[in-house]
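1. sequence and predicted structure, then a few things I'm wondering about:
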There are 2 protein chains.
Amino acid sequence: MDDQLSRVFSALADPTRRDMVARLAVADAGVNELAEPYDVSVQAVSKHLKVLEDAGLVTRTREAQRRPVHLEAEVFDLMTKWIERYRRQAEERYRRLDDVLAEMDTDSAAPTEPRRPRERGAS
Amino acid sequence: MDDQLSRVFSALADPTRRDMVARLAVADAGVNELAEPYDVSVQAVSKHLKVLEDAGLVTRTREAQRRPVHLEAEVFDLMTKWIERYRRQAEERYRRLDDVLAEMDTDSAAPTEPRRPRERGAS
DNA sequence: CGTTTGTTCAACCGCAAGGTTGAGCAAGGA
DNA sequence: TCCTTGCTCAACCTTGCGGTTGAACAAACG
């Protein structure tokens, strides 16, 4: 497909796949086992797993005739890094805007109606 | 579409949209302005913005005839929370597995060939 | 060996995503 | 008022995704 970041985001855009990841975070599982709670065919689940695997979120090993699926947590860092980068950048802008507005406030009476309803605490 | 988490992940699965977010983290921008670096029509960019808006990643206000686009950093937290939850859970499993293996190691000679090739340092 | 169990491959279908072009609308500027 | 600028809406096309069913493969078990 595209770059890995795209593949990872795309893989997690599906609720079923996110649920699979959630369950794989608890314990490794086979395909049938994984498919059980969903109302779709085993083949569909196998496809979902392929998507997760291509994204690097999951690996499949062989153990007898089963194919246990294992979650790889490392890829998460890729996303986290991307997200944090721009979140921080955007918040930095907010902070600077605050400074500018504060300065304008001390300089003279508000010239253009500041309008900043949205608060952002480090939640 | 689906739930917000799906919309957000889906929105960021596109490289062009991620690049837009990256640029909007630096400064708000109009649609034409945003469209300039990409080799697609302005309408396509407008569509991309709609996707980002529906995901809650972006808001559009009106300022004269322009339509400045503004990045909303808050939605990032939604993703970060989801990611961190399962990443931590998976790492917790690793940690416990280490304990189990260590115990098995002290108890007696390895009974079932441990086999743990993958290292995981806090990279 | 043949059968059962677990999983994948292949072909197909319906639908949504991302792209295009052409028209329309909102707001300033001549 | 007419024109230009900035953007969105509408119709269309092509591609990819998630689902299906049917067949095939791999490994244990009788």
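-> Right, received. Where do you want to start? Numbering: from 1, shown residues only, chains lettered A, B, ... in the order given.
2. the helix or strand where A:Asn32 lies - contacts with which helices or strands?
-> Element membership of A:Asn32, judged by DSSP states H and E, is helix A:31-35. Helix A:31-35 is packed against helix A:15-24, helix A:42-54, with contacts defined by 3 or more C-beta pairs under 8 Å, 6 or more residues apart in numbering or on different chains; DSSP states H and E. C-beta coordinates here come from the backbone N, C-alpha and C atoms, glycine included.
3. any weak-confidence spans in chain A?
-> Scanning chain A for pLDDT under 70 picks out A:1, A:96-123.
4. where does it get nearest to DNA strand C, which residue?
-> A:Gly30 (2.7 Å; C-beta to the nearest atom of the strand).
5. what's the neighbour count on that residue?
-> Counted with other C-beta atoms under 10 Å in any protein chain shown, residues neighbouring A:Gly30 total 15.
6. what residues sit buried inside the helix holding A:Asn32?
-> The neighbour-count criterion (16 or more other C-beta atoms under 10 Å in any protein chain shown) identifies A:Val31, A:Leu34, A:Ala35 as the buried residues of helix A:31-35.
7. please apply the same query to stretch A:69-76.
-> For stretch A:69-76, a neighbour-count test (16+ other C-beta under 10 Å) marks A:Val69, A:Leu71, A:Glu72, A:Ala73, A:Val75, A:Phe76 as buried.
8. before we move on, what about stretch A:3-20?
-> Quick answer for stretch A:3-20 (16+ other C-beta under 10 Å): A:5-14, A:17-18, A:20.
9. contacts for that stretch next, please.
-> A:1, A:21, A:34, A:38, A:40, A:45, A:48-49, A:51-52, A:54-57, A:75, A:78-79, A:82, B:2-3, B:5-6, B:9-10, B:12-15, B:18, B:82 (C-beta atoms under 8 Å, 6 or more residues apart in numbering or on different chains).
10. quick one: residues contacting A:His48.
-> By C-beta under 8 Å, 6+ apart, the neighbours of A:His48 are A:Asp14, A:Thr16, A:Arg17, A:Met20.
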